[in-house]
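Engineer: any chance you could fold what I've pasted below:
(chains A and B)
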Amino acid sequence: MRRLLSPRNLIFALFVTLAVVPFLANKYYVFIANLVLLYMILAVGLNLLIGYAGQLAFANAAMFGIGAYGAGLLQAHFGVPYWLALPSGALIAMVSGTVMALPALRLSGIYLALVTLAFAQFTLWVMSHWDTVTFGAGGFSPPRIDFGPLPLTQPNGMYLLSWLAAAGLIWFAWNAMGSRIGRAFVAMRDGEIAAQALGIDLLRYKALAFALSGFYAGTAGALYGGVLGFVGPEGFDLLQMVLHKAAVVMGGLGSIMGSIIGAVILVVLLEVIREFKATMEIAFGGLLLAFVLFQPRGIVDLLRRKLGWDERLHYKAGPDQTAPSEPTPAATRKPAE
Amino acid sequence: MLEISHLNVWYGVTEVLRDVSFQVPSNGIVALLGGNGSGKTTILNALSGLVPPRAGSVKFEGREMAGWAPDRMVKAGIVQVPQGREVFSQMTVEENLELGAATRPGGRQIQADIDEIYSLFPRLKEKRTKRAGSLSGGEQQQVAIGRALMARPRLLLMDEPSVGLAPIIVEAMIETLVGLHARGLTMLIVEQNVGVAAAVAEDAHVLKDGAIAYSGRAKELINNPEVLASYLGR
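Structural biologist: Numbering: from 1, shown residues only, chains lettered A, B, ... in the order given. This is a model prediction of the structure:
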């Protein structure tokens, strides 16, 4: 039974379920399922950066917005078809993300958080005030996306694209984190000096972490613009950043499976408390705080212990979670050492 | 194998290494001794590419490598076991070993190398799924050495391997170093413990205020009261 409930099998089952949603559910549920797919991409991308590579960055909502604006403005201003605007938006966000790696070479922790937050606020200001290019605070509607010759409506076509992007990006993240890229990210997170001593090029891997995270957020953004048929600055503010962080922390830092779980829970919660929009920031801020204090390794850690999951290179259980039969570290350590 | 000539390193406006020159022969073990702040670790950091030298030459196997980045140093075969072990405490023992191969492409060869590390340190095999942070100091030192060996070094730099370890664990570690030497590994060891240096190294250099103050056979050093008193505070 435990083998049946492995992370791989569960992800596979989830994607099979999501694949049949458009055939069984109404438009509302298709939209919600589409949001789940987009938040999975956002959470996995952010987790690569903060959970695996250990870079405390707060610019994910801005990258999400850059992807949405990049793709939307290319369509609106230059008539670029969506199939080209989508990867272009993702690439613009990736380049912006890579630029963010420059301060990360000199800064870490709270200082890096502040610089990336300033960048995010600056991006939001540009989106809201550069009227001639971004259409200002009112936002804009990109041209309608034509999926011809495929017999797809815009919602179903966007759903299919989101499903394919989420499946591809999660597959890539899963494999990349099991490869030398994941090993280098984790080494960098757990000790920069030790990582350098092992020959890990910090510049290269920090740039890669920011670039990958930017690409994931940009892809989600470019898809989001297509799903909503509208792009406006209010969707990429600080609350959006809190939502991304909440998905990652609730699910579990340094775990692909955790991000998937976090994204599903986040979107469901968003729908449940949608009636009380004014309390949303308080609710998610409080939730984030509660997880940091009481379940810092996220929901995935509970499932790991219940189901015996073994996801490589994730954060390990601390001494409080050592099996009772095992000696504690304090008991095994010799006093003289 | 390694030839350092007239090496100078500065931290800002402070000169921390002054005109340091010495050699490490192939399959040799050389010890660097000295008090705190004498520049021992800085030499290792300059050899690892963590600190750029301001002047001087670092030749490894005939190639000039002064100022190379850390990743190039590791790829060239110079790998450091840092002071205080610096194991990745959240990772399992096996993941730590895997991280030692961070610059190598994945595959069967990495697993074969991990198995070889386990044959060298059977204790690590028993604890392969345990968090490295939960191991004893001696076991963590084995993880740190094993992790460095995963990068397939030809020159192993060891920064104070005995620090913080109980005497019985230090003896086991000396045996490990001698065993690695017997397998053909060349080592440069920084130590404050003269006994460890005398037990494993052939040659030794004593540093004081960033310069080499005494050079000689390691085993003679332990019997030289003048050097012990003047430079090592014994």
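Engineer: test my guess that B:L2 contacts B:L188.
Structural biologist: Yes. In this structure, B:L2 is within contact of B:L188 by CB atoms under 8 Å, at 7.1 Å. The way it works is simple: take the backbone N, C-alpha and C, and place the C-beta from them, glycine included.
Engineer: what pLDDT, on average, does the helix or strand A:G97 falls within get?
Structural biologist: If you go by DSSP states H and E, A:G97 is part of helix A:82-106. For helix A:82-106, mean pLDDT rounds to 90.
Engineer: helix/strand/coil for B:S38?
Structural biologist: Assigned state for B:S38: coil (three-state reduction, DSSP: H, G, I helix; E, B strand; the rest coil).
Engineer: so who does the spatially closest residue to it that is not a sequence neighbour touch?
Structural biologist: The shortest distance from B:S38 to any non-neighbouring residue, by CB to CB, 6 or more residues apart in numbering or on different chains, is to B:L207 (4.1 Å). Contact analysis of B:L207 by CB atoms under 8 Å, 6 or more residues apart in numbering or on different chains lists B:V20, B:L32, B:L33, B:G34, B:S38, B:G39, B:K40, B:I43, B:A213, B:Y231.
Engineer: from those residues, which is closest to chain A?
Structural biologist: B:I43 (14.1 Å; CB to the nearest CB).
Engineer: tell me how far that closest one lies from B:A69.
Structural biologist: Distance, B:I43 to B:A69, using CB to CB, to the nearest Å: 18 Å.
Engineer: which residues of chain B fall in helices?
Structural biologist: According to DSSP state H, chain B carries its helices in the segments B:40-48, B:70-76, B:93-100, B:108-120, B:122-126, B:137-149, B:167-182, B:194-200, B:218-221, B:225-231.
Engineer: as CSV, those helices with mean neighbour count and distance to A:S213 would be great.
Structural biologist: Output for the helices of chain B, formatted as CSV (neighbours: other CB atoms under 10 Å in any protein chain shown; distance: least, CB to CB, whole Å):
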stretch, mean neighbour count, distance to A:S213
helix B:40-48, 25, 29
helix B:70-76, 21, 22
helix B:93-100, 27, 21
helix B:108-120, 15, 27
helix B:122-126, 15, 34
helix B:137-149, 25, 27
helix B:167-182, 16, 40
helix B:194-200, 21, 45
helix B:218-221, 18, 50
helix B:225-231, 14, 51
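Engineer: compare the ones you listed and give me the one nearest B:P25.
Structural biologist: Judged by CB to CB, the one of the helices of chain B that comes nearest to B:P25 is helix B:167-182, at 12.0 Å.
Engineer: state which one residue of chain B is found closest to chain A.
Structural biologist: B:V74 (2.6 Å).
Engineer: ok, that residue - contacts?
Structural biologist: Contacts of B:V74 (CB under 8 Å, 6+ apart): A:A197, A:L198, A:G199, B:S48, B:T103, B:A151, B:P153.
Engineer: those residues: which two are farthest apart?
Structural biologist: Most distant of the contacts of B:V74, by CB to CB, are B:S48 and B:T103, 13.2 Å apart.
Engineer: avg pLDDT for stretch B:93-110?
Structural biologist: When pLDDT is averaged over stretch B:93-110, the result is 81.
Engineer: hmm, I was thinking of stretch A:281-294
Structural biologist: Mean predicted confidence for stretch A:281-294 is 85.
Engineer: before we move on, what about stretch B:212-222?
Structural biologist: Averaging pLDDT along stretch B:212-222 gives 84.
Engineer: who's in contact with it?
Structural biologist: B:20-22, B:31, B:33-34, B:194-195, B:197-198, B:200-207, B:224, B:227-228, B:230-231.
Engineer: what's across from the residue nearest to B:S38 in the sheet?
Structural biologist: B:L207 has the following beta-bridge partners by DSSP bridges: B:G34, B:I212.
Engineer: how close does it sit to A:R305?
Structural biologist: Using CB to CB, B:L207 is found at 50 Å from A:R305.
Engineer: got it, and A:L270?
Structural biologist: Counting by CB to CB, the separation of A:L270 from A:R305 is 28 Å.
Engineer: so which of these two has more stuff around it?
Structural biologist: A:L270 (18 against 13; other CB atoms under 10 Å in any protein chain shown).
Engineer: residues contacting the more buried one?
Structural biologist: Contact analysis of A:L270 by CB under 8 Å, 6+ apart lists A:L35, A:L243, A:M280.
Engineer: could you rerun that using 10 Å?
Structural biologist: A:I32, A:L35, A:Y39, A:L243, A:A246, A:K277, A:M280, A:A283, A:F284 (CB atoms under 10 Å, 6 or more residues apart in numbering or on different chains).
Engineer: next one: B:L157
Structural biologist: A:197, B:2, B:24, B:32, B:41, B:43-45, B:47-48, B:73, B:78-82, B:148, B:187-190.
Engineer: ditto for A:I256
Structural biologist: Under the criterion of CB under 10 Å, 6+ apart, the neighbours of A:I256 are A:7, A:11, A:40, A:43-44, A:47-48, A:51-52, A:170-171, A:173-178, A:182, A:300, A:311, A:314.
Engineer: which residue, other than its chain neighbours, is closest to B:V20?
Structural biologist: The shortest distance from B:V20 to any non-neighbouring residue, by CB to CB, 6+ apart, is to B:L7 (4.3 Å).
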